[in-house]
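Engineer: Show me the folded form of this:
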Amino acid sequence: MSLRPGQTPAISPLNDGESTNPSANTHIQDIIDARLSRRGVLKGGIAASTTALFSSLGLSACGGSGSDKDDALALSFDAVAKNKNDVVTVPAGYEVSILHALGDPLSLTDAAWANNGNESAESYNRRVGDGHDGMHYFGLSDAGAYSASRADRGLLCVNHEYVVGPNGLHPNGRTAGSARVASEVEKEIYAHGVSISEIKRNSSGNAMTLVRGSAFNRRVTSATPMAFSGPARGNALLQTKYSPDGTTTRGTNNNCGNGYTPWGTYLTCEENFTNVIGRATGDNAKRSAKEITGLNRYGMTDGRKSPYLWDTAGSDDLFVRWSASVTGASAAEDYRNTFNTFGWIVEIDPFTANSTPVKYTALGRFAHEGCWPCKAVAGKPVVFYMGDDSRNEYIYKFVSKALWDAADVGKGHTAGAKYMSEGTLYVAKFNSDGSGTWVELTHGKNGLTASNTTYPFADQADVLVHARLAGDVIGATKMDRPEWGAVNPMNGEVYMTLTNNSNRVSPTATPTGSQLKPDTANPRYYEDIKNGTTSQKGNPNGHIIRWREAGGDPAATTFAWDIYLFGAEATAAANVNLSGLTAVNDFSSPDGLWFDQNGMLWIQTDDGAYTDVTNCMMLAAVPGKVGDGSAATAAGGTPTIKGANATEATVRRFLVGPKDCEVTGIAMTPDRKTLFINVQHPGEEGSLTSPTSAWPASQTDATSTKRPRSATVVITRSNGGEIAV
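Structural biologist: From the prediction side, this is the model:
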């Protein structure tokens, strides 16, 4: 989930892209200036060096075959036109249905959502939560086990990122005041997290229906007990009143993107956890200088009020735990460390209803947008890629210590402990010549020691809890908000959306605060002028970067990169619309990203720069490969390396969402005949008294006045065929 550039929602003054990175890492543009003249770049200096680099690094990665199988892909649908309608618009020959929405019961004992917010807080332990986001489909065998090929019956895991408005949750919306109403906060706590539900194909066609009352149906919320695993388990940084030994915690929060494991479990990712935790004014006086450095780097400054104010709802431990203030004699007597218990990758075993979710500390703590695996190869490490969704933050990967054994499929948390408790965390440096380096974040290496002047790292737990500070120390590349990633199953190349960055300034400007000049991997600064008025500055439309690991080895420490696509309006100048987008495929602020089994890339948007023309959307793309483009120069004069231009044959708009929404979350059955997407915060710009959307009710009833709700959408082809091809 990303806020629109410059947007501040009613529920939160914290922009999802808020920059807390004050580090003075070497800027890529400084490297360019030192190595190359502008004239040399324009004559092909970058192009020549990257051609050699691509040749030396080979053609595959992450266990991919390196084949050009995507050449056989062809988009078979007519592009959906941009529109501002209050429905999910799909191509001719496709059908839309709603699987579940906020408040829908998972059990047989709870009443249907009543459109008035009167459902009890307690019932949201058995109801679908709010803010649908990342998700994954797991095939379910007749014996109740994971079956990767099963398409007609499965478990769908769906993230619930945050409470929206909350227009659909409370009878009259959120009650105003500096102290929250306990019953409202309790309901919001239970409406966050994850829904696990059994789904099955209808008796005719490929649409699917929720199986109410299934023994697999389950909610994981912001109050669910969880365990820690990995190097930080039991460390003093995780000690709280709830868990004095630092081995357990409660709840997962602000679950945005997702992932999955080769052994058949779900990964939910904690992104904007700063939104739910507050800290008292004057708390700095009770902290060490080291603690203050760590808290500030993650945005938990002295006196910071949580936008949700959950910590103001009363003295019950359910509410008190949301304050990261020193109130007791030790960390075992208060929740000063509660902030450190969020920002992790969380594994959920959807096939074992009574299993305890696990937070894996070896994968680092930051605003996790998601966690995307490479193809698992026997005898090789398991590799995951991750982005930190804030302006000027970093891209990471984790390489397991254990080597993959297919016998671990179906072993749930036992396999999770084997592959995710031990391994090496890396952070990315993107060089100006199209090469890149993964730098190890291990205590005692690369300056990550107790004598470091930026932050004295005591041990590996300290490095992982403060992964952002570790990235600062090694000089990682500051990116334009790394969001979703995806790995091409055909050749192993990795893609990641960089949604936007209003903090990019002109290459000739003197940056202040968290501002940055453009660089080769984040090259655009321009002013978006509409009707004679500058509406956006920086990089308001975002781009998608991709890379290929050296030698086809996902554990490699070097890679080659280029920029796959630049978001832009079709009518924008050529040095803004660098990918040559047209009316059938122009987009802005790429966010969700996913490869299906055939190697088709799906791109979703969460935008504000283009919403005067169209609602957010989803596109289908035949991706090409790293190195298929050329050198280019972005508006403002920054050189870059871009992929081949988009054409109607390679990128096409498949879907447009309803009013004010974000299109997010994507999954598909193994036979590619049923597609799932999520629609988050429809009607976000409205209120209970002045609604702007009635979706999902408006999908079938244009006259509906029901409250808007986030929901999961099922899309099928009328002729029963595969999606999009």
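
Engineer: count of neighbours near Thr703?
Structural biologist: Per other CB atoms under 10 Å, the neighbour tally for Thr703 reads 7. Every residue, glycine included, has its C-beta placed from N, CA and C.

Engineer: And the one 10 residues further on, by the same measure?
Structural biologist: As a burial measure, the neighbour count of Val713 was computed by other CB under 10 Å and equals 25.

Engineer: List the contacts of the one helix or strand it maps to.
Structural biologist: In the assignment (DSSP states H and E), Val713 maps to strand 711-717. For strand 711-717, contacts defined as CB atoms under 8 Å, 6 or more residues apart in numbering pick out 88, 90, 93-102, 132, 135, 156, 158, 205-208, 655, 665, 673-679, 695-696, 723.

Engineer: Now do the contacts for Ser325.
Structural biologist: Here Ser325 is in contact with Gly278, Arg279, Ala280, Asp283, Asp334, Tyr335, Arg336 (criterion: CB under 8 Å, 6+ apart).

Engineer: mind listing the strands for the stretch 601-725 of the chain?
Structural biologist: Counting by DSSP state E, counting those that start in this stretch, the stretch 601-725 of the chain has strands at residues 601-605, 617-621, 630-633, 639-642, 651-656, 662-668, 674-680, 711-717.

Engineer: Switch these over to a markdown table; also include mean pLDDT.
Structural biologist: What follows is the strands of the stretch 601-725 of the chain, written out as a markdown table (pLDDT from 0 to 100):
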| stretch | mean pLDDT |
| --- | --- |
| strand 601-605 | 98 |
| strand 617-621 | 98 |
| strand 630-633 | 97 |
| strand 639-642 | 98 |
| strand 651-656 | 98 |
| strand 662-668 | 98 |
| strand 674-680 | 98 |
| strand 711-717 | 98 |
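
Engineer: how about these in TSV, adding distance to Gly370?
Structural biologist: Shown next, in TSV, are these (distance: least, CB to CB, whole Å):
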stretch	distance to Gly370
strand 601-605	12
strand 617-621	16
strand 630-633	28
strand 639-642	24
strand 651-656	20
strand 662-668	10
strand 674-680	14
strand 711-717	17
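
Engineer: closest to Tyr308 out of those?
Structural biologist: strand 674-680 (17.2 Å; CB to CB).

Engineer: List the buried residues in that closest one.
Structural biologist: For strand 674-680, a neighbour-count test (16 or more other CB atoms under 10 Å) marks Thr674, Leu675, Phe676, Ile677, Asn678, Val679, Gln680 as buried.

Engineer: picking that back up, quick check, nearest of the contacts of Ser325 to Cys256?
Structural biologist: For those, the nearest to Cys256 is Gly278 (20.7 Å; CB to CB).

Engineer: what sits against the closest one?
Structural biologist: Gly278 touches Arg304, Lys305, Ser306, Leu309, Asp311, Thr312, Trp322, Ser323, Ala324, Ser325, counting by CB under 8 Å, 6+ apart.

Engineer: ok, so of these, who is nearest Glu198?
Structural biologist: Closest to Glu198, out of all of the contacts of Gly278 and judged by CB to CB, is Trp322, at 32.4 Å.

Engineer: ok so, going back, the strand holding Val713 pairs with which strands?
Structural biologist: strand 94-101 (antiparallel), strand 674-680 (antiparallel) (DSSP bridges).
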